[in-house]
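Q: Starting from these lines, generate the structure:
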Amino acid sequence: MRSCLVRLAPPPPAAHRLLVLLGRRRMASMDAGPSRAFQLRLNPLTGDSEWLVVDGKEGGEGAAPPRPTPAAQRQLLAATSYLDMLNDAARNRAYRLAIEATVTDPAARVLDIGAGTGLLSMMSAQALGGVGGEGRGSVSACESYLPMGKMLRKVLRANRMENKVKVFHKRSDELEVGVELDSPADILVSEILDSELLGEGLIPTLQQAHDMLLVKNPKTVPYRATTYGQLVESSFLWKMHDLHNNEANAADGVWLTPDGMENIVSVNLQQHAMQCDSLQDEIRLLSEPFKVFEFDFWERPDSHRETKIAIKTSGDGCVHAIISWWVLQLDSAGSIFYSTAPRWVRQTSIEGLPQCANDTKDWCDHWKHCVWFTQGKGAPVMKDQTLSLRASHNLTSISYQLLNTNDEACNRSLKGDHLTLLPERVALYGDRHWRSALIAVMKKALSDRSSQTCIVADDSIFLALLVSSLSPSSKVIAMFPGLRDKGATYLQAVADANNFSMDQIQVIGKRAASVTADDLEHKKVNLLVGEPFYFGGEGMLPWQNLRFWNARTLLDPMLSKDALIMPCKGVLKLCAMSLPDLWRSRCSLKDVEGFDHSVVNETLGACGDLPGGQQGPCLPYYVWQCGYTKKLSKVYSLMDFNFSEPIHSCFGKTKVRLFLFLVEWKSSFFFYRSSHFQFTEIVGLGHHC
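A: Okay, here's the model as predicted:
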């Protein structure tokens, strides 16, 4: 799972500039209060986090602390998926057609919840004007995230619609009829959907709107959403959740998941958003698509539901996962649809599935497919077997359980001492090549040292167990700055299962800045190691993986003169790549369904056609999740970071002549390979997730 940063090289005249960003979901309408919006900022070197007031009232009692600079606010907004969504032409067109079909009463009162840049509000106002409703009907836009609310007003002004849309910087549950709204709304337009459908608070938002803000039988856009699923076999997906059996295949003697504790390290029991189109060659379909739940926007939804689904298998195999997606019916007549289905579903005609206008839609990142992992080795099935699947949903998520399989692990509950990690991290811990490299390095480091004090500077459970097993006489201090008590509980459970004493391992659960000589019993440290992996700090830029270097520096007074530091070096690498799908999703906006959005380009981190040499922010991506990819050059080393020395300012220039061996795309990219850590001067470790 290679993570990267993509940045455009100084291009020829026909090329564009691109900075590839991590597309997080935009802030939901119910996430922030009316007067202030907060953002949790993580210092990548120290691991410290603090809540910043992104915007708010100034002065007075309880005034907000100094706000981030405009550049910092732009960085936050560029990290959302607004830009990608606005570049989704199929989505925009479907909403416009549905709004035009729904807004037919010139006296209609329209409410847009989670308005974003105001695109749906402007569509509603335009449709209202088209039926003679100007001055009679009304459009109200609710957007609680204040920086986005400011941009919404800019977009309205740019389109001369500031007097046609009334904007409220509040959550929808803070609006009141008779205060902000003159009367209940006749029509609700909204787009508060995530890849799973429910994760942005769709159900509670609709419940409150139907209770307090809408007429008894309102019109809605969308009209209905339907979730679908499909059983699949995939060794790629299996490796992302079944650590125990992958450790057995590695056969290296290190057990993060001992027998009887197969699920002590696992991924969360939830749907994980992924681009499954990129895995099409790794997936074998074991059923036809099946309907799971319908959610009607025009009526108040239930908080919880459960259903049982009989599924006939289409082949012999092993069910490793359920891949799911959703389809929107945007109009009441059932003629306008939008689907997030995988490519293999969109390209085939399946009875019972609506045919969407966006069957050939471009790749997009704001809505992905979802993967629900079957625990353990999976569920073995035979062709034409009928499986029973229990599906349930709560306010924010959908879950599944296969009921009649021979796989006991599918239904096994997890104990309180288990750790949950991201699927990519579980896949890495089970990778035998990665494990073999670390084991070889540690054996070499420990071969000429009989007893020592070792600090595991990060949250690596693998290194904590590896060092203690290879050198039983050594004292192993696990800092676990993110895992903390969870890490200690986990190690104790594994120690009990393997019949070894925890006297050798000490968990301090501190960041490097807080470690004192007392924590180390005033002993000098002669081995400092890390992967580096920090729990909860995923999605960092390549140079933000230098937190290990900062920890090494803070611990310097406690290191012996001959202390061994592993990894000893970090190497920043790059190559040129073509990523046309990602380019299209991040390109500059002009006309979006007839509405000018050029004013948002700089703030949302757009690429291409930017004035005055402007560049957007840099954020990481998994290359395998970026749609079509093509390598255009060799891999070049850009910069080294020497961990054997304390951290210091690094300066330097590297001039690289790129010989591009593909010119089929007009845009070329710098691909920064992140976190290539060299563990010794003679042993190199591959690419860290």
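
Q: From now on I want contacts and neighbour counts done on CA atoms only, so please keep to that.
A: OK.

Q: what about stretch 241-259, average pLDDT?
A: For stretch 241-259, the mean per-residue pLDDT is 93.

Q: If I look at residue 10, what pLDDT would I see?
A: 28.

Q: and the closest residue to residue 482 other than its chain neighbours, what is it in contact with?
A: If the residues on either side of it in the chain are set aside, residue 482 comes closest to residue 535, at 5.1 Å by C-alpha to C-alpha, 6 or more residues apart in numbering. Neighbour list for residue 535: 459, 481, 482, 483 [criterion: C-alpha atoms under 8 Å, 6 or more residues apart in numbering].

Q: In the stretch 501-650 of the chain, mark out all the helices, start to finish.
A: 547-554, 580-586 (DSSP state H, counting those that start in this stretch).

Q: and the shortest one, what does it pack onto?
A: Using 3 or more C-alpha pairs under 8 Å, 6 or more residues apart in numbering; DSSP states H and E as the contact criterion, the neighbours of helix 580-586 among helices and strands are helix 82-86.

Q: ok, residues contacting the helix it packs on?
A: By C-alpha under 8 Å, 6+ apart, helix 82-86 touches 23, 25-26, 91-92, 116, 364-366, 585-586, 589, 592, 604-606.

Q: Contacts for the helix or strand following it, please.
A: Scanning forward in sequence from helix 82-86 by DSSP states H and E, the next helix or strand is helix 89-102. For helix 89-102, contacts defined as C-alpha under 8 Å, 6+ apart pick out 85-86, 120, 123-124, 127, 189, 219-222, 330-331, 336-338, 357-358, 361, 592-593.

Q: I'd like the next helix or strand past helix 89-102.
A: strand 109-113.

Q: From the chain's centroid, how far away is that following strand?
A: Relative to its parent chain, strand 109-113 has a centroid offset of 29 Å by C-alpha atoms, centre = their mean, to the nearest Å.

Q: still on that earlier bit, quick one: the helices of the stretch 501-650 of the chain as TSV, columns for mean neighbour count, distance to residue 179 and mean pLDDT too.
A: Listed next are the helices of the stretch 501-650 of the chain as TSV, based on neighbours: other C-alpha atoms under 10 Å; distance: least, C-alpha to C-alpha, whole Å; pLDDT from 0 to 100:
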stretch	mean neighbour count	distance to residue 179	mean pLDDT
helix 547-554	23	50	93
helix 580-586	22	39	90
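
Q: Quick one, which of these gets closest to residue 274.
A: helix 580-586 (14.7 Å; C-alpha to C-alpha).

Q: So which elements touch the host helix or strand of residue 445?
A: Per DSSP H and E, residue 445 falls inside helix 432-446. Packed against helix 432-446 by the contact rule (3+ C-alpha pairs under 8 Å, 6+ apart) you find helix 243-250, helix 461-470, strand 684-687.

Q: Make TSV from those and add mean neighbour count and distance to residue 424 to it.
A: Output for the helices and strands packed on helix 432-446, formatted as TSV (neighbours: other C-alpha atoms under 10 Å; distance: least, C-alpha to C-alpha, whole Å):
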stretch	mean neighbour count	distance to residue 424
helix 243-250	20	11
helix 461-470	20	15
strand 684-687	16	12
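
Q: follow-up on the earlier one: of all the helices of the stretch 501-650 of the chain, which one is nearest residue 467?
A: Here helix 547-554 is closest among these (C-alpha to C-alpha), at 17.9 Å.

Q: then the closest one to CSV, C-alphas only?
A: Output of helix 547-554 as CSV, limited to C-alpha atoms (Å, rounded to 0.1, in the frame of the first residue of the first chain):
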residue,chain,number,x,y,z
ARG,A,547,8.3,12.6,14.0
PHE,A,548,10.6,9.7,14.8
TRP,A,549,13.6,12.1,14.2
ASN,A,550,12.1,14.6,16.6
ALA,A,551,11.5,11.9,19.2
ARG,A,552,15.1,10.7,18.8
THR,A,553,16.3,14.3,19.4
LEU,A,554,14.2,14.8,22.5
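
Q: for the stretch 351-500 of the chain, what are the low-confidence residue spans?
A: Scanning the stretch 351-500 of the chain for pLDDT under 70 picks out 351-361, 404-416, 449-451.

Q: quick one: the strands in it?
A: Here the stretch 351-500 of the chain has its strands, by DSSP state E, counting those that start in this stretch, at 369-373, 379-381, 386-393, 398-402, 419-420, 453-456, 475-478.

Q: Arrange these in a markdown table, one row each, with distance to residue 323 and mean neighbour count as further columns.
A: Below are the strands of the stretch 351-500 of the chain laid out as a markdown table (distance: least, C-alpha to C-alpha, whole Å; neighbours: other C-alpha atoms under 10 Å):
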| stretch | distance to residue 323 | mean neighbour count |
| --- | --- | --- |
| strand 369-373 | 5 | 24 |
| strand 379-381 | 15 | 18 |
| strand 386-393 | 13 | 16 |
| strand 398-402 | 11 | 18 |
| strand 419-420 | 20 | 18 |
| strand 453-456 | 37 | 24 |
| strand 475-478 | 37 | 25 |
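
Q: Using TSV, please lay out those together with distance to residue 430.
A: Shown next, in TSV, are the strands of the stretch 351-500 of the chain (distance: least, C-alpha to C-alpha, whole Å):
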stretch	distance to residue 430
strand 369-373	16
strand 379-381	20
strand 386-393	28
strand 398-402	25
strand 419-420	14
strand 453-456	20
strand 475-478	21
